[in-house]
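*Asks:* The following comprises the amino acid sequence and a computationally predicted model.
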Amino acid sequence: MGEGSKIWHLAQVREGARLGENCIVGRGAYVGTGVEVGANSKIQNYALVYEPAVLGEGVFIGPAVVLTNDTYPRSITPEGALKSAHDWIPVGVTVERGAAIGARAVCVAPVTIGAWATVAAGAVVTKDVPPHALVAGVPAKRIGWVGRAGQPLRNDGGRWVCPETADVYEESNGTLTLVGVEA
C-alpha cells in the first residue's frame, strides 16, 4: 500500500494487490488478488475490481462499478463438477492513466479503457475504448470525445477543443492526438 493511501470501512483489499501512493478505496469495495492500482487513483464505494485488473495512475472507478475477469463464467464443469481455480484462466480489465468509469458501469474482460477516456454511468463495455473516448450505452458505443479535464470536447472545424484547458486535438482514424493549446 502506497504512502498516503486510505482504505475505508468494510473494503477488502486482497493479498498481493498493490496500491500506489495517495489512493482511496471506498466503503465496501473489493480489490482482488494481485490487482495493480496506480498512484492517485480512486475506487469508490462498493466497486468490484477483480484480478488481474491493472489500473493506471489517476484512474477513477465510480460507485458499484464492476471490472470482470471471466469471459465465459460457469460454476461447474461440463461434467457437473464444481469448478476450482485451476478450471479457468482469469482475464483482466486494463484502465489506462486518467480514465474514469461512471457509477454502476460494467467492463467485461478482457478490455482496455484508454487513457483519459470516460465510461458513462450504467454503460456495459464489451470492446476496447480508445483514449479520450466518451462511451455510453449497452453495449457501450463512442458518443464523443473528452479531454484530460473530463469535459466533453467541442468540434471546432475539424479540430477538437477542451473548454476548460483549451487543449486542441486532431482526430485521425478514430483516435485523437493532442496538438497544442488554443490561442
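*Replies:* Alright, I've got the coordinates. Numbering: from 1, shown residues only.

*Asks:* got a list of what the residue nearest to Val138 when sequence neighbours are not counted touches?
*Replies:* Spatially, and ignoring its direct neighbours in sequence, Val138 is nearest to Val124 (4.5 Å; C-beta to C-beta, 6 or more residues apart in numbering). Quick note: C-beta positions are derived from backbone N, CA and C, even for glycine. By C-beta atoms under 8 Å, 6 or more residues apart in numbering, the residues touching Val124 are 105-106, 108, 137-140.

*Asks:* Buried residues, the lowest-mean-pLDDT helix or strand in the chain. List them.
*Replies:* Every helix and strand in the chain was compared by mean pLDDT, DSSP states H and E; the lowest is strand 175-181, with a mean of 91. By 16 or more other C-beta atoms under 10 Å, the buried positions in strand 175-181 come out as 176, 178.

*Asks:* Remind me which helix or strand the most far-flung residue of the chain relative to its centre belongs to.
*Replies:* In terms of distance from the mean C-alpha position of the chain, Glu79 ranks first, at 35.4 Å (C-alpha atoms, centre = their mean). Glu79 is part of no helix or strand, with elements assigned from DSSP states H and E.

*Asks:* Ala149 - how many residues pack around it?
*Replies:* 13 (other C-beta atoms under 10 Å).

*Asks:* Tell me where this protein is predicted with low confidence.
*Replies:* 183 (pLDDT under 70).

*Asks:* Kindly recompute the last result at 90.
*Replies:* For the chain, the stretches with pLDDT under 90 are 71-72, 84-88, 157-158, 174, 180-183.

*Asks:* Specify the beta-bridge partners of the residue positioned nearest the centre of it.
*Replies:* Central residue of the chain (C-alpha atoms, centre = their mean): Val95, 4.0 Å from the mean position. Going by DSSP bridges, Val95 is paired in beta bridges with Leu55, Ile113.

*Asks:* I'd say it and Leu55 touch.
*Replies:* Yes - counting by C-beta atoms under 8 Å, Val95 does reach Leu55; the two are 4.8 Å apart.
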